[in-house]
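Asks: Based on what follows, work out the 3D shape:
(one chain, ligands or ions: 1)
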Amino acid sequence: MGFSPLVDELIQNLQFLPGVGPKSAQRLAFNMLQRNRAAAQKLATSIALAVEQVGKCTRCQILSELKICDICNNPQRHKQLLCVVETAADVLAIEQTASYRGLYYVLGGHLSPIDGIGPKELGLEQFTQYVQAQAFTEVILATGTTVEGETTAYYLANLLNKSQISSSRIAHGAPLGGELEYLDAGTLTKAISLRAKLEVSS
Ligand SMILES: [Zn+2]
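Replies: Okay, the predicted model is just below:
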């Protein structure tokens with residue numbers, strides 16, 4: 001563009017955000033500068049503070065500015081139950097269901113040999129040390145249902161088995177409130193093979 005190096009730089013930097021291309025970046029920059037400078041200032045401060053102060057919980061690896069996060073520190077949580085997920089966003093999704101009261105471990109990704117992410121890169125040594133030290137009675141493997149997520153779950157199940165810790169995999173199947181005819185073949189196959197007995201009163 002050329003009328004303001006600072007605006008150009010802002011537009012350039014906004015494109016680091018996932019899904020933001022040149023056009024959206026331009027729209028965002030103009031919106032901030034022309035319509036809402038106070039909010040833009042607040043956003044800038046918030047980003048700077050978070051980048052400077054947010055690290056990882058030393059136990060579950062979730063993003064936190066505390067050494068031990070609020071979930072790990074909560075005496076109300078079941079300390080013998082662990083749920084392994086790929087990202088902090090997965091923790092939020094499970095927390096919103098309010099159906100799980102155990103602890104978490106955030107892997108920060110999944111095994112992906114093509115991208116050069118093996119057990120070492122994923123920090124599985126640290127994970128093994130953590131689960132061995134905490135004496136969990138059950139570990140729920142809630143990695144994604146992609147090929148990489150499934151591979152990671154199997155790898156972890158083997159790892160836990162060697163440490164004599166029992167693990168389980170989240171169930172896959174037909175979504176609630178859905179029509180079967182719209183399901184993909186893979187989901188429907190899983191739903192049938194992982195069928196559960198209906199409890200009926202006699
Ligand atoms: Zn934690």
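
Asks: Which residues does residue 105 form beta bridges with?
Replies: Bridge pairing for residue 105 (DSSP bridges) gives the partners residue 84.

Asks: can you give me the helices in the chain?
Replies: Counting by DSSP state H, the chain has helices at residues 5-14, 22-34, 37-53, 70-73, 88-97, 124-134, 147-162, 185-193.

Asks: so how far is residue 62 from the residue positioned nearest the centre of the chain?
Replies: The chain has residue 87 as the residue nearest its centroid, 1.8 Å off, counting by CA atoms, centre = their mean. Remark: distance between residue 87 and residue 62 (CB to CB, to the nearest Å) = 9 Å. Just so you know, the C-beta spots here come from the backbone N, C-alpha and C atoms, and that holds for glycine as well.

Asks: repeat for residue 5
Replies: Applying CB to CB to residue 5 and residue 62 gives a distance of 39 Å.

Asks: who has more neighbours, those two?
Replies: residue 62 (21 against 9; other CB atoms under 10 Å).

Asks: In contact with that one, which residues?
Replies: Each residue near residue 62 by CB atoms under 8 Å, 6 or more residues apart in numbering is listed here: 56, 69, 71, 88, 91, 104, 106.

Asks: For the ion, state which of those residues is nearest.
Replies: Nearest to the ion out of the contacts of residue 62 is residue 69 (CB to the ion; 3.4 Å).

Asks: How many residues are close by the closest one?
Replies: The number of residues near residue 69, taken as other CB under 10 Å, comes to 22.

Asks: pretty sure it is touching residue 55, no?
Replies: No - counting by CB atoms under 8 Å, residue 69 sits too far from residue 55 to count as a contact (10.2 Å).

Asks: Residue ranges in this protein under the pLDDT threshold?
Replies: Applying pLDDT under 70 to the chain flags the ranges 1.

Asks: got the residues of it near the ion?
Replies: Neighbours of the ion within the chain, by CB under 5 Å from the ion: 57, 59-60, 69, 72.

Asks: again, only using 8 Å
Replies: When proximity is defined as CB under 8 Å from the ion, the chain approaches the ion at 57-62, 64, 68-73, 103-104.

Asks: shared neighbours of residue 87 and residue 62, anything?
Replies: By CB under 8 Å, 6+ apart, the residues touching both residue 87 and residue 62 are residue 106.

Asks: re the thing from before, can you list the contacts of residue 62 in JSON lines and add distance to residue 133?
Replies: Shown next, in JSON lines, are the contacts of residue 62 (distance: CB to CB, whole Å):
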{"residue": "56", "distance to residue 133": "17"}
{"residue": "69", "distance to residue 133": "17"}
{"residue": "71", "distance to residue 133": "17"}
{"residue": "88", "distance to residue 133": "22"}
{"residue": "91", "distance to residue 133": "20"}
{"residue": "104", "distance to residue 133": "16"}
{"residue": "106", "distance to residue 133": "17"}
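
Asks: Who wins on neighbours among those residues?
Replies: Within these, residue 104 tops the neighbour count with 26 neighbours, counted by other CB under 10 Å.

Asks: pretty sure that residue contacts residue 85?
Replies: Yes - Residue 104 lies in contact with residue 85 (CB under 8 Å); the separation is 6.2 Å.
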